[in-house]
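S.K.: Next comes the sequence, and after it the predicted model I'd like to discuss.
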2 protein chains.
Amino acid sequence: MRMRLDLLGFLLVGALALAQAPASLSPAEKEEAAKIYFDRCAGCHGVLRKGATGPALDPKKMAEKGVEYLKAVIFGGLPGGMPDWGRQGILKEKDIELVARFLLEQPPAPPVPTFEEIKKTWKVQVPPEKRPTKPLHNRNWQNFFGQVLRDTGQVAIIDGDKKELVAIVPTGFATHILRSSATGRYFMAIGRDGKASLIDLWMNPPQVVAESKPCVDARSIESSKFRGYEDKYAVVGCYWPPTMVVLDGLTLEPLKMVSTISYAKGAGELVTEARVAAIVASHFNPEWIVNLKESGQTWLVDYSNLHKKGRPLPITMIDTDLFLHDGGWALKRYFIVAANALNKLIVIDTKTREFTAEVEAGVRPHPGRGSNWEHPTYGPVWATGNIGSPEVTVVGVDPERHPQYAWKVVKRISLPYAGTLFIKTHPNSPWVIVDFPMSPSPQAAASLCAIDKRKLEVTKCWEVPKAQELKARMVHPEFNKGGTEIWVSAWGAKDTPTFIVVYDALTLKEKARITGDWVRTPTGKFNVYNTAYDIY
Amino acid sequence: MRMRLDLLGFLLVGALALAQAPASLSPAEKEEAAKIYFDRCAGCHGVLRKGATGPALDPKKMAEKGVEYLKAVIFGGLPGGMPDWGRQGILKEKDIELVARFLLEQPPAPPVPTFEEIKKTWKVQVPPEKRPTKPLHNRNWQNFFGQVLRDTGQVAIIDGDKKELVAIVPTGFATHILRSSATGRYFMAIGRDGKASLIDLWMNPPQVVAESKPCVDARSIESSKFRGYEDKYAVVGCYWPPTMVVLDGLTLEPLKMVSTISYAKGAGELVTEARVAAIVASHFNPEWIVNLKESGQTWLVDYSNLHKKGRPLPITMIDTDLFLHDGGWALKRYFIVAANALNKLIVIDTKTREFTAEVEAGVRPHPGRGSNWEHPTYGPVWATGNIGSPEVTVVGVDPERHPQYAWKVVKRISLPYAGTLFIKTHPNSPWVIVDFPMSPSPQAAASLCAIDKRKLEVTKCWEVPKAQELKARMVHPEFNKGGTEIWVSAWGAKDTPTFIVVYDALTLKEKARITGDWVRTPTGKFNVYNTAYDIY
Ligand code: DHE
Ligand code: DHE
Ligand code: HEC
Ligand code: HEC
């Protein structure tokens, strides 16, 4: 009998605690709050609220802080990287109240779809054999830009030569990034809702030819690029469920699921929400480099045996470090990924398939894919911006011909602001362009800086006219194919059309603005040629 | 408010349902029941009761069947492979009542130890540099037998030449199997409690020189055997948590944990209790073949890079089939593993590293490691017994020189009984010996059969004198090094000493009996030479 009483007592205490909490959410409210949380917060705090870029949001801890504190933080942000959702006008007071109360309750367990369920999401609009064998238009498609329209769930295809809108195609909810297929012919888009879309740029107009939704929540997608495997497979990295899904490259048919639930660095706690961050396709081997954020592992995933019985998939599990996020190539050989909360860069040699080095970056490095150039003294270098410190970190990357600088920070270039997300260059431009969208200052967020590649210092910073007015943050510089232009997006709220500004890549003079009612929440943009051939 | 009331209502209904259930267990009873369940039932029904060899035991389903039915089944067993725990005298009436009631309650979630916790279990009694460089005794240690004393948690080391007890060493709780290191010098034992013990046979007397407990529940252990890696690493396959743990081969220090939570056959549901069944060390590559039971995957795990930065561990994940359990070598090249609930054998070519074939076995094939011999017509064959049908299934295994028989059943040899667990032969013996410990008939369980390797039929079956009297089942035949003797254990209850019987491997005449107060619950036994060199 004792047990039963104890248990009842426990249940009643639980119920009382709930009764005293500031007004529990109704099922409808809960659903709405969960949606907002999933869309706006889960990326940093985790679907299960166990923390990642942002801290864990444990219901007990949240209750101690109290609902008023939570509302204030959600409205106004925090200096360490918590966005000011209210001040930016993205969340209304009602939303903030809802989410704050939602944080007091246990997070609902999100579903884990089965393979059968994800297979049902698979749709081929135009089968490979019905697709054109050459472009059906006369445009210079290799200089197309794919512009993510984040909150409309669309991608705009823009003619880079003519600066003309070519097509707007529907993609996933809160579309995150694009990647090019090996040949550049296809763009692959991934939405935060886990929906992958294959866009054929040879169609007239370009359109989505296949899609599937292998996850509930995702951030990354990549194609197979090794010789002989061009466009054969694709891979999606899921945030939820913690899974990597291999797809057919031309139809996006789901082929194989691998759980990424894993032990922290192979020798720690079991991480049930080990999310997949950056993925790149190796040039030296038929493999993808897949980074697991919370468990600090980099996996080399060999896709060359999938046609055999039992779909063998060799995965080399390397313990690198925690909080792996984004990264890119140096010399198209070394993959450099940020272990962001550790202020570190992790270097993988994809030729020898080894974990080569660790480099101390600034505070919360965020390279996007980083930038590559040749410096007269240091030889080939690669650079990253940092969210938490006003610095571009420049690293020597050539152990063979410049061993004395390899995997050392050769320069920490001072910036006027912190809050950098992206940095970009092109071999034909003397500049490295830096943005500041994460700065709490609207003026900084509306600004850009240009770094001199030889002097390794900032030559010029400027505020982009009209950006502040539109409450927009300038984000994600990208060069055109020839390296003669720099495109940057003005990321505003969904209800206000903004613009994409185009600069001359030599003089840094404004050359053009792409505008229109469709230019809403433009964020990442990807030039076909530069993305396909890893030029940045 | 509605939500709060609903919730309270729900909680009260829950409490009431508990109140009406036939007398809930007290915490002490629950603990005891969990222990019995874990020891006796979890192996077949799963720690989380999600089923495996036996069906899922869902509390709701169990409540519908009622406590009286459950008690009857636990006492008397079921024809499909459920043991008769009461009739065998292993569980007392009180235990059966306890377990039956335990099945009505939600299974307690077992803990997932962290790496730090398992590291604390690591103990080196004699460090490698203090171990002898040659045997400290004059015994023929290559003909030692390691005899598992299941319920005493010990292993007896027996001199096979003299049939003398050499040492009794303490190992894990409900010790399961032994495996030999590459050289045969060490035995590695694994207990159901996940404790691994390294026994040095060169010490005088042989003793445990290192141990660690990388799991809560385990069944398999293996050493690294590829040239250059002899005894360098060890691996433990866990049932709970679903994990594979790599250890240092000479000290059993835990080095790396890999979660085996995975999708069923790479294209199904997420299996959170994907347990590790059989593991073998390849002769062609520096790798282990690791079989995941509930998710139907065979992993080729390459241990040759672990010394590098980040401990890279390449794992080739092959989708084979569900319910993988035990298996062994054919031609020391093909690993054949039973997908037992599917009545199938799965063949992996460890040279080409491919999933080669599937073979239809009898009902619930249970090879142990199976048996190999050369047949005049069929060439090299490999055979398995079956728990659910009275049959030894003989399979052609030589695609190169006998392609017409390769991966075909060349003969289904009829047996007088079902319930076979193990089958064993030796190149120097004309016989394949078969046991029947899973037969519900005490007379069959006390019997053995000898199969003629050329005629492919049973020549002789006999009941082992005194086995029935001691309520013992004859289990696990094993040959001595020379192949001149067959040893079989009489597996009784813990409170009754039994015996190990030794037969002449030509005449099948009883040659000796090993007895003594220490001979309690003898189950598997492993001859050093035959185990190290895969002779069976
Ligand atoms: C793992 C990851 C990558 C690397 C992908 C790869 O290379 O395979 C990445 C890259 C990116 C890239 C690719 C940069 C490149 O040049 O390759 C872009 C443009 C980008 C725009 C944004 N990201 Fe991203 N991003 C996350 C995750 C990631 N972002 C988040 O978890 C985070 C912080 C929060 C969230 O809820 O999603 C987040 C928020 C954003 C944005 O808010 C951005 C600025 C605008 C948007 O459109 O959502 N992320
Ligand atoms: C996965 C697995 C293997 C293959 C290991 C390898 O090759 O790496 C195996 C092998 C084995 C082998 C190795 C045979 C060989 O010759 O290699 C033996 C002797 C053995 C004696 C038993 N096993 Fe075993 N055994 C299980 C699992 C396994 N047993 C169970 O899950 C099960 C059914 C239930 C349980 O709760 O453990 C179970 C019950 C038993 C027994 O009851 C046996 C008969 C007696 C005992 O000592 O526990 N199992
Ligand atoms: C871009 C990443 C990011 C996103 C998206 C994000 N956060 Fe944060 N959040 C952070 C970081 C980083 C901190 C810690 C900041 C600090 O301490 O200075 C934080 C802190 C917080 C805190 C304070 C926690 C404490 O213990 O004091 C709360 C509450 C919070 N976030 C809620 C939210 C909610 C709700 C959302 C969505 C509406 C959200 N966050 C979206 C990064 C993010
Ligand atoms: C060697 C494997 C094995 C072990 C160990 C084992 N079982 Fe079973 N059990 C089975 C199999 C197989 C069946 C199904 C038999 C059939 O249907 O004929 C079964 C059936 C059952 C059933 C009936 C389920 C139903 O839905 O009717 C119960 C109850 C049960 N087992 C409980 C237990 C308990 C309790 C223990 C431990 C004390 C245990 N089992 C140990 C293999 C096992």
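M.R.: Cool, the structure landed. Numbers count the residues shown, from 1 in each chain, chains lettered A, B, ... in the order given. Ligands and ions are numbered 1, 2, ... in the order given.
S.K.: Would you mind listing where the stretch 1-150 of chain A has pLDDT under the threshold?
M.R.: Residue ranges of the stretch 1-150 of chain A with pLDDT under 70: A:1-23, A:52, A:109.
S.K.: ok, 50 please
M.R.: Filtered on pLDDT under 50, the stretch 1-150 of chain A yields the residue ranges A:1-21.
S.K.: Run through the residues that contact residue A:435.
M.R.: With contacts defined as CB atoms under 8 Å, 6 or more residues apart in numbering or on different chains, residue A:435 is in contact with A:385, A:420-423, A:448, A:473-477, A:488. C-beta coordinates here come from the backbone N, C-alpha and C atoms, glycine included.
S.K.: Ok, residue A:275 next?
M.R.: Residue A:275 makes contact with A:46, A:52, A:219, A:237-240, A:242, A:260, A:292-294, according to CB under 8 Å, 6+ apart.
S.K.: near ligand 3, anything from stretch A:363-381?
M.R.: No. For stretch A:363-381, no contact with ligand 3 is found by CB under 6 Å from any ligand atom; the gap never falls below 8.2 Å.
S.K.: buried set for that stretch?
M.R.: Buried positions in stretch A:363-381, judged by neighbour count with 16 or more other CB atoms under 10 Å in any protein chain shown: A:363-373, A:375, A:378-381.
S.K.: ok so, going back, now, the contacts of residue A:275 that are in strands?
M.R.: Taking DSSP state E, the ones among the contacts of residue A:275 that sit in strands are A:219, A:237-240, A:292.
S.K.: Mind giving me the PyMOL select for those residues, buried ones only?
M.R.: Applied in PyMOL, the following selects the buried portion of those according to 16+ other CB under 10 Å:
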select buried, chain A and resi 219+237+238+239+240+292
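S.K.: For residue A:27, state which of the ones in strands among the contacts of residue A:275 is nearest.
M.R.: Distance to residue A:27 across those (CB to CB) is lowest for residue A:240, with 21.2 Å.
S.K.: Pairing partners for the closest one in the sheet, please.
M.R.: With DSSP bridges as the criterion, residue A:240 is bridged to residue A:217.
S.K.: Do you know the pLDDT at it?
M.R.: On the pLDDT scale, residue A:240 is placed at 92.
S.K.: Please report how far it lies from residue B:272.
M.R.: As judged by CB to CB, to the nearest Å, residue A:240 and residue B:272 stand 15 Å apart.
S.K.: so which two of the contacts of residue A:275 are the farthest from each other?
M.R.: A:46 and A:237 (15.1 Å).
S.K.: List the residues that contact residue A:38.
M.R.: For residue A:38, the set of contacting residues under the criterion of CB under 8 Å, 6+ apart consists of A:47, A:110, A:217.
S.K.: is it fair to say it lies in a helix?
M.R.: Yes. The assignment for residue A:38, made by DSSP: H, G, I helix; E, B strand; the rest coil, places it in a helix.
S.K.: mind listing the helices in the stretch 351-500 of chain A by residue range?
M.R.: A:442-445 (DSSP state H, counting those that start in this stretch).
S.K.: Which residue does it have closest to ligand 2?
M.R.: Of all residues in the stretch 351-500 of chain A, the one sitting closest to ligand 2 is residue A:353 (29.3 Å; CB to the nearest ligand atom).
S.K.: Please report how far that residue lies from residue A:325.
M.R.: As defined by CB to CB, residue A:353 lies at a distance of 22 Å from residue A:325.
S.K.: In chain A, which residue sits nearest ligand 1?
M.R.: Residue of chain A nearest ligand 1, by CB to the nearest ligand atom: residue A:43 (1.6 Å).
S.K.: Helix or strand for that residue, just tell me which one.
M.R.: Assigned by DSSP states H and E, residue A:43 belongs to helix A:42-45.
S.K.: Equivalent analysis for residue A:31, please.
M.R.: With DSSP H and E as the criterion, residue A:31 is inside helix A:27-36.
S.K.: pLDDT wise, what is residue A:399 at?
M.R.: Value for residue A:399, per-residue pLDDT: 98.
S.K.: make that residue A:160, sorry
M.R.: 98.
S.K.: my read: it touches residue A:530, true?
M.R.: No. Look at residue A:160 against residue A:530 with CB atoms under 8 Å: they stay out of range, at 10.1 Å.
S.K.: higher neighbour count, these two?
M.R.: Under the criterion of other CB atoms under 10 Å in any protein chain shown, the comparison of residue A:160 against residue A:530 puts residue A:160 first, with 26 against 23.
S.K.: excluding its backbone neighbours, what's nearest the more buried one?
M.R.: In space, and not counting its chain neighbours, residue A:160 is closest to residue A:143: 3.7 Å by CB to CB, 6 or more residues apart in numbering or on different chains.
S.K.: just the residues of chain A that are near ligand 1, which are they?
M.R.: Within chain A, the positions adjacent to ligand 1 are A:43-44, A:53, A:148, A:150, A:176-177, A:219-220, A:277-279, A:325-326, A:368-369, A:421-422, A:475-476, A:523-524 by CB under 6 Å from any ligand atom.
S.K.: residue contacts, residue A:319?
M.R.: With contact taken as CB under 8 Å, 6+ apart, residue A:319 is in contact with A:265-267, A:296-297, A:355, B:256, B:310-311.
S.K.: Please determine how far it is located from residue B:307.
M.R.: Relative to residue B:307, and taking CB to CB, residue A:319 is found at 13 Å.
S.K.: Next: residue A:258.
M.R.: Shown here: residue A:258 relative to residue B:307, a distance of 25 Å by CB to CB.
S.K.: What of residue A:369?
M.R.: Applying CB to CB, one obtains 31 Å for the distance of residue A:369 from residue B:307.
S.K.: do residue A:182 as well
M.R.: 34 Å.
S.K.: So which of the two has more stuff around it?
M.R.: Higher neighbour count among residue A:182 and residue B:307: residue A:182, with 20 against 9, using other CB under 10 Å.
S.K.: Can you name the residues that contact the more buried one?
M.R.: Residues touching residue A:182, when contacts are defined by CB under 8 Å, 6+ apart, comprise A:223-225, A:229-231, A:281, A:532.
S.K.: mind redoing it with 7 Å?
M.R.: Contacts for residue A:182 were tallied using CB atoms under 7 Å, 6 or more residues apart in numbering or on different chains; they are A:223, A:225, A:230-231, A:532.
S.K.: Show me which of those are buried.
M.R.: So, of the contacts of residue A:182, A:223, A:225, A:231, A:532 end up buried under the neighbour-count rule (16+ other CB under 10 Å).
S.K.: Setting the sequence-adjacent residues aside, check what's closest to residue A:229.
M.R.: Leaving out its chain neighbours, the residue that sits closest to residue A:229 by CB to CB, 6+ apart is residue A:286, at 5.2 Å.
S.K.: That neighbour reaches residue A:305, doesn't it?
M.R.: No. Under the criterion of CB atoms under 7 Å, residue A:286 makes no contact with residue A:305, lying 8.8 Å away.
S.K.: These two - which one has more neighbours?
M.R.: Between residue A:286 and residue A:305, counted using other CB under 10 Å, residue A:286 has the larger neighbour count: 20 against 17.
S.K.: that older thread, from the contacts of residue A:319, which ones fall inside strands?
M.R.: Judged by DSSP E, the subset of the contacts of residue A:319 located in strands is A:297, A:355, B:256.
S.K.: quick one: the first one and chain B, what's the gap?
M.R.: Computed with CB to the nearest CB, to the nearest Å, the distance linking residue A:297 and chain B is 8 Å.
S.K.: Can you report how many residues lie near that residue?
M.R.: Residue A:297 has 28 neighbouring residues, counting by other CB under 10 Å.
S.K.: next one: the last one
M.R.: One way to gauge burial is a neighbour count; for residue B:256, by other CB under 10 Å, it gives 22.
S.K.: For beta bridges, what are the partners of it?
M.R.: For residue B:256, the beta-bridge partners are residue B:246 (DSSP bridges).
S.K.: Show me the shaky parts of the stretch 351-500 of chain A.
M.R.: Counting by pLDDT under 50, the stretch 351-500 of chain A contains no low-confidence range.
S.K.: Okay, strands next: where are they in it?
M.R.: Defined through DSSP state E, counting those that start in this stretch, the strands belonging to the stretch 351-500 of chain A, from first to last, are A:354-360, A:365-375, A:379-386, A:391-396, A:409-414, A:423-424, A:431-435, A:447-452, A:457-463, A:473-479, A:485-491, A:500-504.
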